[in-house]
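Undergrad: Have a look at this prediction, sequence included:
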Amino acid sequence: MMAVAPNLTVLVGELVGARLIAHAGSLLNLAKHPSSTVQILGAEKALFRAMKTKHDTPKYGLIYHSALVGQTSAKLKGKISRMLASKAALAIRVDALGEDTQATLGLEQRADLERKFALLEQNASKRISGSGKMQAKFEKYQKNTDNGQFNQDQASTLPQKRHSDFGGRGGANKRFKRGNANNSFVV
């Protein structure tokens, strides 16, 4: 198995790797599958039954028998099988299409996965992604100490009306002054 797919063998083991290749038909056919399909490969019967009855789909297929998935707690097996399937899909493509016979990529990915699995077991998921998406800590709001006056003219987004030369606001609000006794108006 190390001669055919060394990177896949390092990640999932010889027996699981051979079953994955046999189930897909060949290494090249397995390389065409996305990681989500590699994850549930071997659980097609359960997948179609779940889709038919509108229940939850299976989280893992043949990958469940891998040593990395078997070492973890039952609560994390779904997440770990998804992570392992994504790395295995990359390793399969390198094995199928690459010319390198060394398992350097598989060893690097396995070490990375083992580090992530150890952090998951410690509930330090913030350190896995690097950005802390799962445990976001919000900073406290700071009060603005600037006690300036609020200016309504600057806050408005509506265009301001032009004021007329007569001191009024223009339009219907023009002010007229009373003129002489014959009720003529002076503007």
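TA: Thanks, I have the structure now.
Undergrad: got any ranges where this protein has weak pLDDT?
TA: 124-148, 150, 153, 156, 160-187 (pLDDT under 70).
Undergrad: tell me the contacts of the closest residue to Ala31 other than its chain neighbours?
TA: In this structure, Ala31 finds its nearest non-sequential neighbour in Ala96, 3.8 Å apart by CB to CB, 6 or more residues apart in numbering. Heads up, the C-betas are built off the backbone N, CA and C, glycines and all. Listed by CB atoms under 8 Å, 6 or more residues apart in numbering, the contact partners of Ala96 are Ala5, Leu27, Leu28, Leu30, Ala31.
Undergrad: List buried residues within those residues.
TA: In the contacts of Ala96, burial by neighbour count holds for Ala5, Leu27, Leu30, Ala31, counting by 16 or more other CB atoms under 10 Å.
Undergrad: and the helix or strand hosting Leu119, what does it pack onto?
TA: Here Leu119, judged by DSSP states H and E, is contained in helix 104-121. Helix 104-121 sits against helix 6-12, helix 67-70, helix 77-97, helix 126-129, with contacts defined as 3 or more CB pairs under 8 Å, 6 or more residues apart in numbering; DSSP states H and E.
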